[in-house]
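> Please find the sequence and the predicted model below.
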Amino acid sequence: MALDERKDPFLSFKFHVEIDDLIVAGFSEVSGLQAEIETEEYKEGGVNDYVHKIPKAAKYANLVLKRGITDSDVLWQWHRDAVTGNIKRKTGRIILYDFQGNEKWRWTFEDAFPVKWSGPDFKADGSTSAVESIELAHHGIKKG
């Protein structure tokens, strides 16, 4: 491969999160972007050098979105609605950009709803931003 064809990995700090009709400030951190295929082990009689692994359903981790607290309480209200039984499922997107601001990857998560909200830890001797996080259960991640 010639040097001019080298493909450097994208950096993880240039991203944007969109969630349906929620207008929220930018998130500082996103975690839980993962998918796993569960397996079931099957031991076959007479085969002693390995165990069969049978694929089952895909399993997706909850997404955790973190941002500095602002005057907007839209994430808090979405979670409070869920607490009172008014579940509002939303579709969201995590978009990764390159240095020039061009979109390079897009992951879409569907039917998401909040299952946990966390507020900031307060310390009188610190000077860090107050951060809230919201954890979302969803029905899977797709590229695009």
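Perfect, thanks for sending it. Numbering: from 1, shown residues only.

> What helix or strand is the residue nearest to Pro55 when sequence neighbours are not counted located in?
The shortest distance from Pro55 to any non-neighbouring residue, by Cβ to Cβ, 6 or more residues apart in numbering, is to Ile37 (5.3 Å). The C-beta positions use only the backbone N, C-alpha and C, and glycine is treated the same way. Assigning secondary structure by DSSP states H and E places Ile37 in strand 35-42.

> re the thing from before, ok, what's across the strand from the residue nearest to Pro55?
Ala58 (DSSP bridges).

> give the contact list for it.
Residues in contact with Ile37, defined by Cβ atoms under 8 Å, 6 or more residues apart in numbering, are Pro55, Lys56, Ala57, Ala58, Lys59.

> same thing with Gln34?
Tyr60, Ala61.

> what's the distance between it and Ala61?
Gln34 is 5 Å from Ala61, where distance means Cβ to Cβ, to the nearest Å.

> where does the residue of the chain positioned farthest from its centre land in three-state SS?
No residue in the chain has its C-alpha farther from the mean C-alpha position than Gly46, which lies at 43.6 Å (Cα atoms, centre = their mean). Assigned with DSSP: H, G, I helix; E, B strand; the rest coil, Gly46 falls in the coil class.
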